[in-house]
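Undergrad: Structure for the following, please:
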Amino acid sequence: MNSFNLFKLNVVTCFRAVFFGFIFLLISAIPVYSLDWKDKEWIEAGCPLDIFGQWVSLSFDTKNEKLLSVEQNKISVLINQIPEQEYFFNKKDMVIDGRFVSLKLRSNLNGKNNNLYLKIRPHLVNTESGSKSLNIINDNCLIKVFEFESEINAKFDKYLQWNIYKFKK
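TA: Residues are numbered from 1 along each chain as shown. Prediction:
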C-alpha cells in the first residue's frame, strides 16, 4: 500500500471517529427528565411521598371515574365507586428504588389465585407558580402504573399495559 492510500485511510478513519464521537456526545448531552419520589419538583407540588392514597385514571371515560385506591396492604380498582378488582400485597415485599415502587399483588377472585406485578413511578409535575402556593390542589401529581404478567416480565419491562393516574385529595 503506498503512502497516499495509507494517508487517505487514516484521514477517513479519523473523520469517522470524530463524527461518531460528536454524535455520541450530542445524544448523551440531551437531558432526559424523570422524577423520583423525593425530587424537589414532586415535593414542591404537594405530591405524596409514596404510592398510598386515592388516584384517578386520566385515560378513562370522563363519564365513569376509575379510581385506584392504594392502602397499607391492598390495592382496589373502583369504577363509579363499584369495586372491580382487589389485590393484596405484603408491604415488606414492596421494593422502592427511587424512581419505581414495585409490588407483587395477589388476588383470589372466583376461587382462582391470580398474581399481578406493578411498577409505579411519579410521572409529571407542573411546577408553575400557582402550584407552589399554600392552597395546593394536587392536579399536577401524576403517577404511571405499569402492569406485568410475571416477575420476570417486570424485570425486563415487558408490560401488559400502563395507565396514568392523578392524585385525588
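Undergrad: can I see the domain layout of this protein?
TA: When the chain is parsed with automatic domain parsing, its domains come out as 1-32, 40-168.
Undergrad: weakest of those domains by average pLDDT?
TA: Mean pLDDT per stretch puts domain 1-32 lowest among the domains of the chain, at a mean of 59.
Undergrad: and the strand ranked longest in the chain, which strands flank it?
TA: Ranked by number of residues, the top strand in the chain under DSSP state E is strand 112-122. Counting by DSSP bridges, the strands paired with strand 112-122 are strand 101-109 (antiparallel), strand 142-148 (antiparallel).
Undergrad: what's the closest of the ones you listed to K38?
TA: The closest of the strands paired with strand 112-122 to K38 is strand 101-109. By CB to CB, the value is 12.2 Å. For glycine as for every other residue, the C-beta is placed from the backbone atoms N, C-alpha and C.
Undergrad: where along this structure do the strands fall?
TA: Using DSSP E, strands in the chain cover 53-57, 66-70, 74-79, 82-88, 95-96, 101-109, 112-122, 142-148, 161-168.
Undergrad: tally of neighbours for K119?
TA: When neighbours are counted by other CB atoms under 10 Å, K119 registers 20.
Undergrad: do L118 as well
TA: 24.
Undergrad: Report the beta-bridge partners for it.
TA: L103, E147.
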